[in-house]
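Participant: For reference, the sequence and a predicted model appear below.
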Amino acid sequence: MSSRKKNIDPTILTDDESVFDILIQGMQRIITPDKCKGQTRFTAVVLEKPKKISAPMYESSGGKAKNPVGQFKFRAQILDRPCDPHALFKNMLDPDFAPNPKLVDTIEYLTQYTEFFSTENSSHAVPQKGDTVLVDLRFNVHSYNLVSGEYVGPVMTKGFNPKRGHKRGGRSFFGDSGAPDVIPHPSSRPADSQTPEDWTVQGLTVIPRFDAVVGRYRSELKPTTIVIHNTISGNVSTTIRVLSKKAYSYHFIIDHAGGIHQVVRSDLKAAHAEQANAYSIGVAFVNLGPSEESIRYSHTKDVSKWYEGRLTKKSGELGSLKKWEPYTAAQKIAGQKLIKALGWKHSSILQVVGHSDVSTKGKQDPGPAFPGNKDGKMTTMNAYLSAGHAEGTT
């Protein structure tokens, strides 16, 4: 990372308005209270070894004395999250907005890093270079103070690679029941709007999960295909953690009990099927697939009850014989209701296919254990799609 420019004086600009007035105008263009909600706490990666702050002086009856508080400071880059102020300022480097090279220099100055200080009463250990930490920034109406902020506490020690966006090792400071916490990929974020999608007309009950920090697009979607996945995990919570780590997403996740969790609106793109993202809705069923070694996470612990079958490849050839975790009866019913509702809501949808049908990476889901997919043609689900189309036009 290039060295930060020092002592930039806003008065060097010859524009009618000062650089800070211009920056505030820019923030007004790209930040709204509805979008950021005054967010002040962020995750950041430490860029250097923290430095001790010289003990401050205070007045006493005997003159001046040192304050015995061991504070420290460090430079850190805020990770790419919703309302990430570093990224928001970078968005202002448009030539139409920042034609003056001096203004560009100032914006770059504010986006390389922020200096964070520990508080006097902080009980946390000093972080190290490469650690992921929580920090606070001051937010004033339309803009952030990117010069300095406050260190809140550790998230993961040397466990995050900001370029690759995943855990390298080390241990988590937070997590469920002591389990390692998954640090989201820099591109993962919650939805811009938390307003649930209305499924009242279709008679569908869904659990909105727009708060999930996962990979998301802002592009609109006119779906022509529904792609069926399995999660290769044992529950929705684990699935979302994996999606968060990899910056992937499904539109819907159906749990073992038949609960339908909506992660992405059906009229927005999700990151679930490579090039098929541009035209498809992703529906994932919590299911381990052919992962017999993970049977301890299965709803069916008796492997003799798993489905034994072969995947029909796109070429028409049969894959090797494997045991596949069965889908639950509740999932089957919920999946049929969801496909029918999607057919009703989106007349543009023409077909239901498996992930294995569109993947260029040899994906096998949802596999031959999926209800109505023994022939690899999603016969049952396509019938429910047609029924949804028929009801939607009446």
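Facilitator: Looks like it arrived, so ask away. Numbers count the residues shown, from 1 in each chain.
Participant: Ramachandran coordinates for residue 357?
Facilitator: When read as degrees, to the nearest 10, the backbone of residue 357 gives phi -80, psi -20.
Participant: where's it relative to residue 273, distance?
Facilitator: Distance of residue 357 to residue 273, given as CB to CB, to the nearest Å: 10 Å. (C-beta placed from N, C-alpha, C; glycine too.)
Participant: Now for the two: what residues contact both?
Facilitator: Here residue 357 and residue 273 have residue 227 as joint contacts, going by CB atoms under 8 Å, 6 or more residues apart in numbering.
Participant: The closest residue to residue 328 other than its chain neighbours: what secondary structure?
Facilitator: Nearest residue to residue 328, sequence neighbours excluded (CB to CB, 6 or more residues apart in numbering): residue 256, at 5.1 Å. The three-state label given to residue 256 by DSSP: H, G, I helix; E, B strand; the rest coil is coil.
Participant: Quick check: end-to-end length of stretch 292-301?
Facilitator: 10 Å (CA to CA, to the nearest Å).
Participant: what sits up against it?
Facilitator: Contacts for stretch 292-301 (CB under 8 Å, 6+ apart): 233-235, 256, 288, 303, 306, 322-323, 325-326, 328.
Participant: Show me how to select, in ChimeraX, the buried members of those.
Facilitator: With 16 or more other CB atoms under 10 Å as the criterion, this ChimeraX line picks the buried residues out of the contacts of stretch 292-301:
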select :233,234,256,288,306,322,323,325,326,328
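Participant: sorry, back to before: out of residue 357 and residue 273, which sits in the more crowded spot?
Facilitator: Between residue 357 and residue 273, residue 273 has the larger neighbour count (other CB atoms under 10 Å), namely 24 against 20.
Participant: who's the closest residue in space to the more buried one that isn't next to it in sequence bridged to?
Facilitator: Nearest residue to residue 273, sequence neighbours excluded (CB to CB, 6+ apart): residue 227, at 4.9 Å. With DSSP bridges applied, residue 227 shows beta-bridge pairing to residue 282, residue 353.
Participant: how about residue 227, what does it touch?
Facilitator: Counting by CB under 8 Å, 6+ apart, residue 227 touches 272-273, 276, 280-283, 353-355, 357-358.
Participant: Now render the residues you listed as CSV, adding distance to residue 390 and pLDDT.
Facilitator: Shown next, in CSV, are those (distance: CB to CB, whole Å; pLDDT from 0 to 100):
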residue, distance to residue 390, pLDDT
272, 27, 96
273, 27, 94
276, 25, 95
280, 22, 98
281, 19, 98
282, 24, 98
283, 20, 98
353, 20, 95
354, 24, 93
355, 27, 94
357, 24, 90
358, 26, 92
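Participant: List just the nearest of those residues to residue 334.
Facilitator: Residue 334 lies nearest to residue 283 out of these, by CB to CB, at 10.0 Å.
Participant: I'd assumed residue 261 was in contact with that closest one.
Facilitator: No. Residue 283 lies out of contact with residue 261 (CB atoms under 8 Å); the separation is 10.7 Å.
Participant: Which one's more surrounded, those two?
Facilitator: For residue 283 versus residue 261, neighbours defined as other CB under 10 Å are more numerous around residue 283 (25 against 20).
Participant: related to what we said a few turns ago, contacts only, for the residue nearest to residue 328.
Facilitator: Per CB under 8 Å, 6+ apart, neighbours of residue 256: 235, 286, 299, 328, 330-331.
Participant: Closest one of the residues you listed to residue 133?
Facilitator: So of the contacts of residue 256, ranked by how close each gets to residue 133 (CB to CB), first place is residue 235, at 29.1 Å.
Participant: Quick check: closest non-adjacent residue to that closest one.
Facilitator: Nearest non-adjacent residue to residue 235, counting by CB to CB, 6+ apart: residue 286, 6.1 Å away.
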